[in-house]
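>>> Fold the following for me, if possible:
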Amino acid sequence: RVNGDHFEFTDRPGIPVRFWGTNLTFLANFLSHAETDRMVDRIAAAGMNIVRLHHFDQEYAAGTYCKIADFMERRDRIDYLVAACRKRGIYLTLDLYTYRFVNGKEFGYPDRRLTPLEYKALVLFDSRVREDFLAFTKSLVEPVNPYTNLAWKDDPAFAFIGLINETMLPDSVERSPLLQKIVDRQFAAYAAEHKLDVTPDNRNTLRERFVMEKTRTSVAELAEEVRKLGIKIPLTDLNVGCDPRIGIMRNDLEFADNHMYWGHPTYLRKLWQPPVAFAGGLNVMFPARMFGVPYTITEWNFVDPNPYNVEGAFLTGAYGALQNYAGFCRFEWGIVADRSKMGGFGFCNDPLQLLAMRAGSCFFLRGDVRSATTAIPMQVPKVLPENPGWRRFPEVMQRLGLLVKTGMLVQGSPIPAGTRAFIAPESMPDIDGKPVFSGHFASDVLTAMAAGNIIPARLIDLKKGRFTSETGEIELVSTQRSLKVATGRSEA
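Model (predicted):
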């Protein structure tokens, strides 16, 4: 269950629990029993206590890639996986939709097979697609697992659930002519009902606000419907995105989830083919944290080819503990588990990355790295101002996360304990008697904070690029490309 900014077990109230694990994707969810036992043994030995069942729904429904024609055989294998994790003290999480292919004809779209991007949005915008989502969820969580004698909905080995993987609203609307047509029709009806004065100048703003509000309320309705199936554990959604708009839509969720990659390939022409660009980073996760609820990152990786793929677990574990995040799941163990090749996203056969995951487990799961006590959040209005600066997080928050807790909270939410100041994209009066800092350049804002004794000047050396956590346990020096973590129980 959720208690403030952490998870806890119902029979251990008041004791925070964290999760550190990996994603099992595609065929890794449907191995033979012997292969499953070997895989889960290795996951436990690598210091992990959770797995995320991911990209399994199309395989579960149709066996597209695993080539297991018999549905009951597929169900048996994934049920055995759940039981094998339970046996070793490993918890589970999953999203209820990732990429299951659906014929649009079933929902009044006869000219197409719905793409995953379209299906994810239509679950929130079309009641017919929502019913399909709920029917699939019911088929997944209600059958009794013969290896545990529990239905998934009743199995305490499941820690939390995401509804839809990477919905990408509101931006996904513009990537599909079908979604544009549906949203335009619903927005026109909404504008007429609410007597909005829509002009060419304000249409895009009003339409985006409609999509955001529709998404927020539809996610809440979807969660309520899923609850009626008997699922009691924490639910979330909207697990991708790092801007204030996403934060506003996440505000009513039980906990916040996000995805982060350093070196994630972006295919410039055709999917999975060169040319390729690379982007991402842990620092962009800092601002998107939602204060007051647990924050998980259920996908992260420093993707090969990458000279820092081994350092990824050290960084993620150390700074995740400093920020007091609730959980991490690295993407991915390997598409075919132990038979996977090294490289790309999979790490199960890379001995250095496996060792690094053990170190990250010490920092984060064991709690060797202490959490910061100071918080410097960005307070976001429930309706974003017209100033475009409010559509992105100030750059300084990516540096503050190396020193103290940072993140966002929607106006009206309780102010986090330890808050000494706030961040904003423009000059603002004090909030709750605490100063508000703004500025285009992170270096200027950090200098002003140090001068005002908001953060100790000794924690930063901008010329050398040195950032020391307020706990004194983590030191990152960007000019030297170095990271040092020294705690009472471990050092790296």
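>>> So for the protein, the centremost residue is which one?
residue 258 (1.8 Å; Cα atoms, centre = their mean).
>>> Just after whichever helix or strand residue 73 is part of, pick out the following helix or strand.
Residue 73 belongs to helix 71-87 when assigned by DSSP states H and E. Next in sequence after helix 71-87, counting helices and strands by DSSP H and E, comes strand 91-97.
>>> Just name whatever secondary elements the helix or strand just after that following strand is in contact with.
Proceeding N to C from strand 91-97, the next assigned helix or strand is strand 102-103, under DSSP H and E. The contact analysis (3 or more Cβ pairs under 8 Å, 6 or more residues apart in numbering; DSSP states H and E) places strand 102-103 against strand 113-114. Using the backbone N, CA and C atoms, a C-beta is placed for each residue, glycine as well.
>>> Given the strand it packs on, what are its sheet partners and their directions?
strand 102-103 (antiparallel) (DSSP bridges).
>>> re earlier: the residue nearest to the centre of the chain against residue 242, yeah?
Yes. Between residue 258 and residue 242 a contact is recorded at 7.1 Å, counting by Cβ atoms under 8 Å.
>>> about what we covered before: how far does the helix holding residue 73 sit from the chain's center?
Its chain's average C-alpha position is 25 Å from that of helix 71-87, according to Cα atoms, centre = their mean, to the nearest Å.
>>> That helix vs strand 91-97, what angle?
Per axes from the mean of the first three to the mean of the last three Cα atoms, to 10 degrees, the angle that helix 71-87 makes with strand 91-97 is 140 degrees.
>>> got the CA coordinates for helix 71-87 in CSV?
What follows is helix 71-87, C-alpha atoms only, in CSV (Å, rounded to 0.1, in the frame of the first residue of the first chain):
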residue,chain,number,x,y,z
PHE,A,71,-2.9,-20.8,-25.1
MET,A,72,-3.0,-23.0,-22.0
GLU,A,73,0.7,-23.8,-22.4
ARG,A,74,1.4,-20.0,-22.5
ARG,A,75,-0.7,-19.5,-19.4
ASP,A,76,1.0,-22.3,-17.6
ARG,A,77,4.4,-20.9,-18.3
ILE,A,78,3.7,-17.4,-17.1
ASP,A,79,1.9,-18.8,-14.0
TYR,A,80,4.9,-20.9,-13.2
LEU,A,81,7.1,-17.8,-13.5
VAL,A,82,4.9,-16.0,-11.0
ALA,A,83,5.2,-18.9,-8.6
ALA,A,84,9.0,-19.2,-9.1
CYS,A,85,9.4,-15.5,-8.2
ARG,A,86,7.2,-15.9,-5.1
LYS,A,87,9.3,-18.9,-4.0
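>>> Run through who's touching that helix.
Outside of helix 71-87, the residues within contact range by Cβ atoms under 8 Å, 6 or more residues apart in numbering are 24, 29-33, 36-37, 40, 51, 53, 56, 59-60, 63, 66, 68, 91-92, 143, 145-148, 152, 155, 157.
>>> ditto for stretch 445-465
The set of residues external to stretch 445-465 that reach it, using Cβ under 8 Å, 6+ apart, is 374, 376, 394, 396, 399-400, 403-404, 420-421, 423, 435, 437-439, 443, 466-470, 477-480.
>>> Which of those are buried? Put it as a ChimeraX command.
Buried residues among the contacts of stretch 445-465 (16 or more other Cβ atoms under 10 Å), as a ChimeraX selection:
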select :374,376,394,396,399,400,403,404,420,421,423,437,438,439,466,467,468,469,470
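>>> Take the contacts of stretch 445-465 and keep only those in strands.
The strands, defined by DSSP state E, take in 376, 423, 437, 466, 467, 468, 477 from the contacts of stretch 445-465.
>>> got a list of what the last one touches?
With contacts defined as Cβ under 8 Å, 6+ apart, residue 477 is in contact with 464, 465, 466, 467, 483.
>>> quick one, longest strand in the chain?
Looking across the chain with DSSP E, the single longest strand is strand 256-267.
>>> Packing partners of the longest helix seen in the chain?
Longest helix in the chain by number of residues (criterion: DSSP state H): helix 203-227. Helices and strands touching helix 203-227, as assessed by 3+ Cβ pairs under 8 Å, 6+ apart, comprise helix 116-125, helix 127-141, strand 158-164, helix 177-193, strand 235-236, helix 244-250.
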